[in-house]
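K.L.:
Quick one, what's the 3D model for this:
(one chain, ligands or ions: 1)
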Amino acid sequence: MHRYETLAHTMAEEIRSGSIPVGARMPSLRHVIAQHGVSQATATRAYYLLEEWGLVRAQERSGYYVAPGAGVTAGQTVGTAVERTLLASAGKVDISDLVFSVLDAAREPDIVPLGSAFPSPQLFPLERLAKSLATASRNLNPWSTVVDLPPGNEALRQQIALRYMGMGIAQPMDEIVVTNGALEALNLCLMAVTRPGDCVAVESPGFYAALQAIERLDLRAVPIRVDPVTGLDLDALAAALERHPIRACWFMTNFQNPTGVTLSVEKKRALVDLLARHGVPLIEDDVYGELHFESDYPLPALAFDTHGLVMHCSSFSKTLAPGYRIGWTAAGRYAQKVQRLKLMSTLSASIPVQAGMADYLQHGSYDRHLRKVRAALRAQLGEMERAIRRWLPRGVRYARPGGGYFVWLELPEAIDAMALHRLAIASGVSLAPGPIFSPEHGFRNCIRLNFGHPWSETIEAAMRTLGKLLADPAVRVPAT
Ligand SMILES: Cc1ncc(COP(=O)(O)O)c(C=O)c1O
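P.N.:
So this is what the prediction gives:
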């Protein structure tokens, strides 16, 4: 994508999200040049493109204004012709510097981890796990170094298959490949079905690691809008499938990161059908599925797949043991390719840890532990909602997630989440700013907060700090 196209997408996102309302004057060329560090030609061409898309109108000697009908507010389904035109563009991704700058700033242990991707380690039965690890290591068959190579430890894969069975999914064990966490599973699946230059549909906003994988493998991202209430825009996806040679989709159907939204069963079924008609594989990232607040695990898209096109990826990182790095994919018709890629890249997940995890799943009361974690997260969400009402301004909007430990906030239009992030870090609080979740660095006035930590005075104080910072003129987008 050319620089002016990237810039146009960024501004388009601001218009679509309502950050720049219909009828408002767009930033002057001088302002755009100064803010984005681009040349006059780039800024002008970006405006021409926005005009072409019907998003802005030029007014002689006065500048550009947001065109009527161009704005879309959060919570509304996004499916207008203009929207589809925007979302169906494929581009190279340049996100890693931004993501690392945000994540690095938040790594200090005394920063309050509202921006963290992890839940609190206090939620996990670490001692019981250590017992299983010790037992399994003591009893380890010396030949397991060879036997447990990919697809992985048989007892562990059996336990994973049993969990699928509990959902009513008959998952053949030989299609399950054990990996180093879900992230490796997702990356291997992506490598199994793409070659450099291919187009991959991703969510916008979506998990930044998907964008980083696309950047690393030299693929092109086709962002598909995710509505915080209704989820992935299937009309936009259908249009993108017509327009681009999309080779794979990387989506979350349950408790999506960052919005927390879960697709309805009807939408999951429709998604699987749509992709089957196009013969396009779905890499389904389902790392939060077990953390549901209602009684049942919401069925993944995998449950509706009859063509072996869904590669379902998950792990124990969010539910049990982040540091053990045990994940897997149920990769359908691609299982063997994924298995070979695993052998060619990191050879195998740690053998003793696989055995330890299998022992825990057999004897460690995983389901009882999960019930406790779900109850804790549900209570923490209650605290988070109360703190949002108490400390943050009225204009803040969010949709309550049905599971997981993230809440996605849409802040008042004038707020710049990156500026808020910088000031928050300086005050000892992290948050995940919207721009790290989209290839266009959009969602400028959105943030993701983590409620995966037991509520404490420190977290309460951090929420109060955020409230104060939101009133600081330094976090506002400069007036044009
Ligand atoms: C949506 C999503 N997918 C995958 C992962 C990676 O999971 P794992 O730690 O098992 O590699 C994360 C971790 O932050 C995540 O948020």
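
K.L.:
show me the contacts for the residue of the stretch 101-250 of the chain at minimum distance from the ligand.
P.N.:
Residue of the stretch 101-250 of the chain nearest the ligand, by CB to the nearest ligand atom: residue 181 (2.7 Å). For every residue, glycine as well, the C-beta is placed using N, CA and C. Shown in contact with residue 181 (CB atoms under 8 Å, 6 or more residues apart in numbering): 315, 317, 325, 326, 327.

K.L.:
at 7 Å what do you get?
P.N.:
Contact analysis of residue 181 by CB atoms under 7 Å, 6 or more residues apart in numbering lists 315, 317, 325, 327.

K.L.:
swap in residue 370?
P.N.:
Neighbour list for residue 370: 290, 319 [criterion: CB under 7 Å, 6+ apart].

K.L.:
Following the chain onward from the helix or strand harbouring it, which element is next?
P.N.:
Secondary-structure assignment from DSSP states H and E places residue 370 in helix 366-391. Per DSSP H and E, helix 366-391 leads on to strand 397-398 as the next helix or strand towards the C-terminus.

K.L.:
what's the distance between the residue of the stretch 101-250 of the chain closest to the ligand and residue 318?
P.N.:
Distance of residue 181 to residue 318, computed by CB to CB, to the nearest Å: 10 Å.

K.L.:
And for residue 48?
P.N.:
Look at residue 48 and residue 318: by CB to CB, they are 45 Å apart.

K.L.:
What of residue 199?
P.N.:
To residue 318, residue 199 is 29 Å away according to CB to CB.

K.L.:
What residues sit buried inside stretch 382-399?
P.N.:
Going by neighbour count (16 or more other CB atoms under 10 Å), the buried part of stretch 382-399 is 383, 384, 387, 388, 391, 392, 396, 397, 398, 399.

K.L.:
what's it in contact with?
P.N.:
74, 228-229, 260-261, 407-412, 449, 451, 455, 460, 463-464, 466-467, 470.

K.L.:
The contacts of residue 181 in strands, which ones?
P.N.:
Of those, the ones assigned to strands by DSSP state E are 315, 327.

K.L.:
out of the contacts of residue 181, who has the most neighbours?
P.N.:
The most crowded member of these, judged by other CB atoms under 10 Å, is residue 315 (27 neighbours).

K.L.:
I'd say that one and residue 287 touch.
P.N.:
Yes - using CB atoms under 7 Å, residue 315 is in contact with residue 287, at 5.7 Å.

K.L.:
so what's in contact with these two at the same time?
P.N.:
Common neighbours of residue 315 and residue 287, using CB under 7 Å, 6+ apart, are residue 182.

K.L.:
close to the ligand, is stretch 284-297?
P.N.:
Yes - against the ligand, stretch 284-297 shows contacts by CB under 6 Å from any ligand atom at 285, 287.

K.L.:
if you count what's nearby, which of residue 48 and residue 318 comes out ahead?
P.N.:
Higher neighbour count among residue 48 and residue 318: residue 318, with 24 against 14, using other CB under 10 Å.

K.L.:
Now for that one: which residues touch it?
P.N.:
With contacts defined as CB under 7 Å, 6+ apart, residue 318 is in contact with 119, 287, 288, 291.

K.L.:
Out of the contacts of residue 181, which is nearest to residue 111?
P.N.:
Taking CB to CB as the measure, residue 111 lies nearest residue 317 of these, at 20.8 Å.

K.L.:
What are the phi and psi values at the closest one?
P.N.:
Main-chain torsions, residue 317, degrees, to the nearest 10: phi -70, psi -30.

K.L.:
Report pLDDT for it.
P.N.:
Here the pLDDT value assigned to residue 317 is 97.

K.L.:
ditto for residue 82
P.N.:
36.

K.L.:
Run through the neighbouring helices and strands of the strand ranked longest in the chain.
P.N.:
Looking across the chain with DSSP E, the single longest strand is strand 220-227. Packed against strand 220-227 by the contact rule (3 or more CB pairs under 7 Å, 6 or more residues apart in numbering; DSSP states H and E) you find helix 81-87, strand 199-204, helix 234-243.

K.L.:
Now the shortest one: average pLDDT?
P.N.:
Averaged over strand 199-204, pLDDT sits at 97.

K.L.:
relative to helix 234-243, how tilted is that strand?
P.N.:
Orientation check (axes from the mean of the first three to the mean of the last three CA atoms, to 10 degrees): strand 199-204 against helix 234-243 gives 160 degrees.

K.L.:
May I have the residues that are in contact with residue 444?
P.N.:
Residue 444 touches 14, 19, 416, 417, 434, 435, counting by CB under 7 Å, 6+ apart.

K.L.:
let's see 6 Å
P.N.:
Residue 444 makes contacts with 14, 19, as judged by CB atoms under 6 Å, 6 or more residues apart in numbering.

K.L.:
same check, this time on residue 188
P.N.:
338, 341, 342.

K.L.:
Going by neighbour count, which of those residues comes out on top?
P.N.:
Result: residue 338 is most packed of the contacts of residue 188 (other CB under 10 Å), 27 neighbours.

K.L.:
before we move on, the earlier item: among the buried residues of stretch 382-399, pick out the one closest to residue 54, please.
P.N.:
Nearest to residue 54 among those is residue 397, at 26.0 Å by CB to CB.

K.L.:
Which pLDDT value goes with the closest one?
P.N.:
Listed pLDDT for residue 397 reads 96.

K.L.:
Repeat that for residue 15.
P.N.:
On pLDDT, residue 15 comes in at 83.

K.L.:
Kindly report the same for residue 79.
P.N.:
33.

K.L.:
what does residue 282 give?
P.N.:
Here the pLDDT value assigned to residue 282 is 98.

K.L.:
Can you name the next helix or strand after the lowest-mean-pLDDT helix or strand in the chain?
P.N.:
Here the helix or strand of the chain ranked lowest by mean pLDDT, DSSP states H and E is helix 81-87, holding a mean of 38. Toward the C-terminus, helix 81-87 is succeeded by helix 96-105 as the next helix or strand (DSSP H and E).

K.L.:
From the contact counts, what lies against that following helix?
P.N.:
When contacts are defined as 3 or more CB pairs under 6 Å, 6 or more residues apart in numbering; DSSP states H and E, helix 96-105 packs onto helix 208-216.

K.L.:
Quick one: mean pLDDT for the helix it packs on?
P.N.:
Helix 208-216 comes out with an average pLDDT of 94.

K.L.:
Just want the angle from it to strand 199-204.
P.N.:
Put simply, helix 208-216 runs at 150 degrees to strand 199-204, going by the same axes, to 10 degrees.

K.L.:
Which parts of helix 208-216 count as buried, going by neighbours?
P.N.:
Neighbour-count burial for helix 208-216, counted by 16+ other CB under 10 Å, picks out 208, 209, 210, 211, 212, 213, 214, 215.

K.L.:
can you list the residues of the stretch 251-400 of the chain near the ligand?
P.N.:
Checking the stretch 251-400 of the chain against the ligand by CB under 6 Å from any ligand atom, the hits are 252, 257, 285, 287, 315, 317, 322, 327.

K.L.:
if I pick residue 20, what's in contact with it?
P.N.:
Residue 20 neighbours (CB under 6 Å, 6+ apart): 14, 66.
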